[in-house]
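Participant: Sequence and predicted model, in that order:
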Amino acid sequence: MIVIEKEHHFHMIPQHEHAKISAQIVAHWKNNFLLRSKLREEADWAIQQHDRAWIPLDDYPEWNEEKQRPYTFVDYPLEKKLQAYQRGIKEVADRSLYAGMLCSMHYASFFSKDDKDPVVQTFLAEEKTRQQDLFESMEMDIPYDIYDLHFRRLQFCDDLSLYVCMQEPGIPKEKEVPWFKNGFRQSFDFAPAGMIAHWEDKKKVSVYPFPFEKPFSIEVPYRPVSKKEIDEKGLSQAFHDTEVQKHVITFVKKE
């Protein structure tokens, strides 16, 4: 769950809804930056489905007693989160071996190989084995530069979607989430130094260099869940009783 705290509400966005925005972002990727192919279709589907692991968790959001707010995807209990990751990866891989491999790479990238937590080490080892098995099962020779490009594109679309979902529209650059303040971590041939986004106003986000065919708009769905209703009904019931609202964001070229 993505959560933005307000005075009287929590704006809550399920992870799978954010992933759908990622899919809309990649659908506008410039065609001359990557040839269309069956492999690209599967890579694009991986972007759409990369957070399906969160669907059952976000259906029943949980309360973080320590922080007195709903758990987010960042601080959700680790063991339950990793179990969900592996379930979600399997669901994707059951439909597409290639998409499953990309999603496994994506989730594994969240953790350092030097992490001493045995739960993390087990997860990384199992996902490394899964990736090798999936790659061999595809029975095709996919060059490293192709699947690395698809992987970086998945991560960029994920990050750009998080950029508009995790922050107040129109927020000044100096107050942005630290992850994005200095630009995105992925580099491409057309953006060797990476890309950077700015809120031009509350409805427009510029991206430079601009990787899309043309400016386009997306809808960000969220539920403004009342703190009072959470106290009265509990988080899960209050979440489901709150109607979904939307705000529209347009991605534009930097002027």
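Facilitator: Nice, thanks for sending it over.
Participant: Mind telling me what element the residue nearest to residue 187 when sequence neighbours are not counted is part of?
Facilitator: By the measure of C-beta to C-beta, 6 or more residues apart in numbering, the closest residue to residue 187 outside its immediate chain neighbours is residue 194, 5.1 Å from it. Quick note: C-beta positions are derived from backbone N, CA and C, even for glycine. For residue 194, there is no enclosing helix or strand under DSSP states H and E.
Participant: what about residue 194, neighbour count?
Facilitator: Neighbour count for residue 194, taken as other C-beta atoms under 10 Å: 14.
Participant: contacting residues around it?
Facilitator: Shown in contact with residue 194 (C-beta atoms under 8 Å, 6 or more residues apart in numbering): 183, 184, 185, 186, 187.
Participant: Which one of those residues is nearest to residue 133?
Facilitator: Residue 133 lies nearest to residue 186 out of the contacts of residue 194, by C-beta to C-beta, at 26.2 Å.
Participant: what pLDDT does that closest one get?
Facilitator: We have a pLDDT of 95 for residue 186.
Participant: Look up phi and psi at it.
Facilitator: phi -90, psi 140 (degrees, to the nearest 10).
Participant: Now do it against residue 44, distance only.
Facilitator: 16 Å (C-beta to C-beta, to the nearest Å).
Participant: likewise residue 100?
Facilitator: Residue 100 sits 14 Å away from residue 44, going by C-beta to C-beta.
Participant: ok, the two, which is more surrounded?
Facilitator: Legend: neighbour count by other C-beta under 10 Å for residue 100 and residue 44, higher for residue 100 (26 against 22).
Participant: Need the nearest residue in space to the more buried one, chain neighbours excluded.
Facilitator: Here the residue nearest residue 100, using C-beta to C-beta, 6+ apart, is residue 93, at 2.5 Å.
Participant: the strands in the stretch 1-150 of the chain, which residues?
Facilitator: 2-5, 9-13, 63-64, 69-70 (DSSP state E, counting those that start in this stretch).
Participant: among those strands, which is nearest residue 243?
Facilitator: Short answer: strand 9-13, nearest of the strands of the stretch 1-150 of the chain by C-beta to C-beta, at 12.2 Å.
Participant: hmm, who's touching the closest one?
Facilitator: Strand 9-13 is contacted from outside by 1-5, 61, 69-70, 165, 220-227, 230, 239, using C-beta under 8 Å, 6+ apart.
Participant: what helix or strand does the residue at minimal distance from the centre of the chain sit in?
Facilitator: Nearest residue to the geometric centre of the chain (C-alpha atoms, centre = their mean): residue 158, 3.7 Å. Per DSSP H and E: residue 158 is located in helix 144-165.
Participant: Give the buried residues for the next helix or strand after that helix.
Facilitator: As assigned by DSSP H and E, the chain's next helix or strand after helix 144-165 is helix 178-181. Going by neighbour count (16 or more other C-beta atoms under 10 Å), the buried part of helix 178-181 is residue 180.
Participant: now helix 178-181, how far from the centre of its chain.
Facilitator: Its chain's C-alpha centre lies 15 Å from the corresponding centre of helix 178-181 when counted by C-alpha atoms, centre = their mean, to the nearest Å.
Participant: Same question for stretch 242-250.
Facilitator: Taking C-alpha atoms, centre = their mean, one finds stretch 242-250 lying 18 Å from the centre of the chain it belongs to.
Participant: follow-up on the earlier one: could you pick out the buried ones from the contacts of residue 194?
Facilitator: Judged by 16+ other C-beta under 10 Å, buried ones among the contacts of residue 194: 184, 186.
Participant: Among the contacts of residue 194, which one lies nearest to residue 25?
Facilitator: Distance to residue 25, by C-beta to C-beta, is smallest for residue 184 among those, at 12.0 Å.
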